[in-house]
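Model the following, please.
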Amino acid sequence: MKCSTKDITLLGICIALTVAAGFALLHVPNFELITSLTFLSGLFLGSARGTLVGAVSMFLFSFFNPLGVPFIPVLMAQVLFMGVAGFAGGIWRRWVRKSTFCPLNIAGLAGTGLILTLLYDVGTNVGFALSAGFMSQWLKIVAAGVVFSSIHLVTNTALFGTLVPALVRVMKIEGEKTES
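As a prediction, the model looks like this:
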């Protein structure tokens, strides 16, 4: 991945925005914008850069979190699965640029948010089970977090179905203005 000064600047802005959004909503349980913003970074910068934004943003957010640094396996799962969110944004890149947002397309984005959040939640719960020495009971740990995960799943699904298309429209309009 070759990076120009412009690329590095865009990466820095995306990472800073994502981390800032994470800290802004730190005390709101199971509501976060990190996944949506990481996905959007992949959408606008491509899979490789989106993966980088997701991984670096999540590492910075988690490592410098005033509520405490998570166990290493949890931190690794957070970084991995947020990188996956950025990568997924890059996969959607070509399709979204050519597409209008009909209900089926919005449902596809919402479904993507649901899947990415499910992967993240299961992955971090398994990371907790591993770090706490309860790997043989990982399924019970995942089940214990169902209520919190359900809220997280619903909010991220809604954000991917509303916020992501709205921000894509805004970015398309702004892109057209700068090209004119």
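
alpha carbons only for contacts and neighbour counts from here, please
Will do.

how about the helix or strand containing Gly127: buried residues?
Using DSSP states H and E, Gly127 maps to helix 103-131. For helix 103-131, burial by neighbour count (16 or more other C-alpha atoms under 10 Å) applies to 105-107, 109-130.

which other helices and strands contact it?
Applying 3 or more C-alpha pairs under 8 Å, 6 or more residues apart in numbering; DSSP states H and E, one finds that helix 103-131 contacts helix 72-98, helix 138-144, helix 146-179.

Report all helices and strands that the lowest-mean-pLDDT helix or strand in the chain contacts.
Ranking every helix and strand in the chain by mean pLDDT, DSSP states H and E puts helix 138-144 at the bottom, with a mean of 82. For helix 138-144, the packing partners by 3+ C-alpha pairs under 8 Å, 6+ apart come out as helix 103-131.

Taking their axis directions, the helix it packs on and helix 72-98 sit at what angle?
Between the axes of helix 103-131 and helix 72-98, defined by axes from the mean of the first three to the mean of the last three C-alpha atoms, to 10 degrees, the angle is 170 degrees.

Spatially central residue (nearest the centroid) of this structure, please.
Centroid-nearest residue in the chain: Thr35, 1.9 Å away (criterion: C-alpha atoms, centre = their mean).

pLDDT at it, what is it?
As predicted, Thr35 sits at a pLDDT of 98.

for the one 3 residues further on, same thing?
Reading off the per-residue confidence, Thr38 sits at a pLDDT of 98.

Same question for the one 10 residues further on.
The predicted local confidence for Ala48 comes out at a pLDDT of 96.

what does Ile106 give?
92.

buried set for the least confident helix or strand of the chain?
138, 141-142.

residues in contact with it?
122, 125-126, 129-130 (C-alpha atoms under 8 Å, 6 or more residues apart in numbering).
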